[in-house]
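[1] What shape does this take:
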Amino acid sequence: MMNSKMEDGFVTTQDGVKIYYKDWGPKEAQPIVFHHGWPLSADDWDGQMLFFLGQGYRVIAHDRRGHGRSTQTHTGNDMDHYAADVAALAEFLDLKKAIHVGHSTGGGEVAAYLGRQGTSRAAKAVLIGAVPPIMLKTAANPGGLPLEVFDGFRAALAANRAQFYMEVPSGPFYGFNRPGAKVSQGIIDNWWRQGMMGGTKAHYDCIKAFSETDFTEDLKKIDIPVFVMHGDDDQIVPIADAALLSVKLVQKGTLKVYPGFPHGMCTTHADVINADLLAFFKA
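    As a prediction, this is how the structure comes out:
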């Protein structure tokens, strides 16, 4: 019988940042590493962590630097550091054949980690409502969002972060602004709680990291199977300039589009997402 353990702790990176992580389940089981979106924490994966723990997997989720319970960094809030932090965690926990699941900014982190640190410790990857290849509108990416959108995020965060972090989940993140939406105050409050745990400077800097980083070359280097999942009513990361492009760049990509699903579909439609994740993991 396998030893099952539920624990959490910290790993210290080369530049002295403490990264908080949860590590639940049998150490001998295949590990799933969950990468959260901006400006959230490992807690955003609670629904997936419990489900896959029950399926016999080892489940791991960390708070990105400057987010959640990790060090409130004022420097190093960029994809190179995020990728290196994941590598430090994978080495510290000695992960083998890990499945990396990233939502939104976390999907960018997964692409950066696998593209820049390699796939030797990984078996599969999943990008859910993820930011790659690049969100920002540029000459090379005419379908992207203009810089003014992200400047607006920064201005709102700097002016009144607490209010901004109430408006995002109350509206576009979960599609709660759509007619007939079933609004959950608990989901809104939990998003706000996670956001307010993190550091303002790190969150401010991360907007640039998730919007301006070009993951094109990272995606091309990923040589393991990648499942790209995206809702076609994603108001945060529009599907046309994200999933529909990313799946063409990875070497072994599979795309599934979810009609009417919002950006935060892992929470609003956890039963559907978890079932599809499980099928991909077992394939």
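
[2] where exactly do the strands run in the protein?
    Counting by DSSP state E, the chain has these strands, from start to end: 4-12, 18-26, 31-35, 58-62, 98-103, 122-128, 226-231, 253-258.

[3] Mean pLDDT lowest where, among these?
    Among those, strand 4-12 carries the lowest mean pLDDT, a mean of 80.

[4] quick one, helices of this protein?
    46-54, 79-92, 105-117, 147-170, 185-197, 200-212, 216-221, 243-249, 265-268, 270-282 (DSSP state H).

[5] Out of these, flag the one nearest Asp232.
    Among the helices of the chain, the nearest to Asp232 by CB to CB is helix 243-249 (9.3 Å). C-beta here means a position set from N, CA and C on the backbone, and glycine is covered the same way.

[6] Tell me the helices and strands packed up against that closest one.
    Applying 3 or more CB pairs under 8 Å, 6 or more residues apart in numbering; DSSP states H and E, we find helix 243-249 packed against helix 216-221, strand 226-231, strand 253-258.

[7] Looks like Tyr21 contacts Ala42 (just checking).
    Yes: counting by CB atoms under 8 Å, Tyr21 sits close enough to Ala42 to count as a contact (7.1 Å).

[8] who's more crowded, these two?
    Using other CB atoms under 10 Å, the more surrounded residue of Tyr21 and Ala42 is Ala42, with 24 against 20.

[9] From what I see, Gly115 and Ile224 are in contact.
    No: in this structure Gly115 lies outside contact range of Ile224 using CB under 8 Å: 11.4 Å.

[10] Please identify which of the two sits among more neighbours.
    With neighbours defined as other CB under 10 Å, Gly115 and Ile224 compare such that Gly115 has more, 21 against 16.

[11] Excluding covalently adjacent residues, which one is nearest to that one?
    Nearest-residue entry for Gly115: Asp218, 2.6 Å, with adjacent residues in sequence omitted and distances by CB to CB, 6 or more residues apart in numbering.

[12] And the one you found, how far from Pro133?
    9 Å (CB to CB, to the nearest Å).

[13] So which of the helices of the chain is nearest His62?
    helix 79-92 (5.7 Å).

[14] Buried residues, the closest one. List them.
    Across helix 79-92, burial judged by 16 or more other CB atoms under 10 Å covers 79, 81-90, 92.

[15] Report the two of those separated the most.
    Greatest spatial distance in the buried residues of helix 79-92: Met79 and Phe92, 20.0 Å, computed using CB to CB.

[16] how many neighbours does Ala155 have?
    The tally of other residues near Ala155 (other CB under 10 Å) stands at 12.

[17] pLDDT value on it, please?
    Predicted confidence (pLDDT) for Ala155: 98.

[18] Look up how far Tyr204 lies from it.
    Separation of Ala155 from Tyr204 (CB to CB): 10 Å.

[19] Could you do Asn274 as well?
    From Asn274 across to Tyr204, the span is 33 Å (CB to CB).

[20] The residue nearest to Lys137 when sequence neighbours are not counted: what's it in contact with?
    Using CB to CB, 6+ apart and skipping the chain neighbours, the partner closest in space to Lys137 is Gly144 (3.6 Å). Contacts for Gly144 (CB atoms under 8 Å, 6 or more residues apart in numbering) come out as 134-138, 241.

[21] Please apply the same query to Met135.
    144-145, 150, 210-212, 237, 241-242.

[22] Turn the strands of the chain into a markdown table, columns for distance to Thr75.
    What follows is these, written out as a markdown table (distance: least, CB to CB, whole Å):
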| stretch | distance to Thr75 |
| --- | --- |
| strand 4-12 | 16 |
| strand 18-26 | 15 |
| strand 31-35 | 21 |
| strand 58-62 | 19 |
| strand 98-103 | 23 |
| strand 122-128 | 27 |
| strand 226-231 | 31 |
| strand 253-258 | 34 |
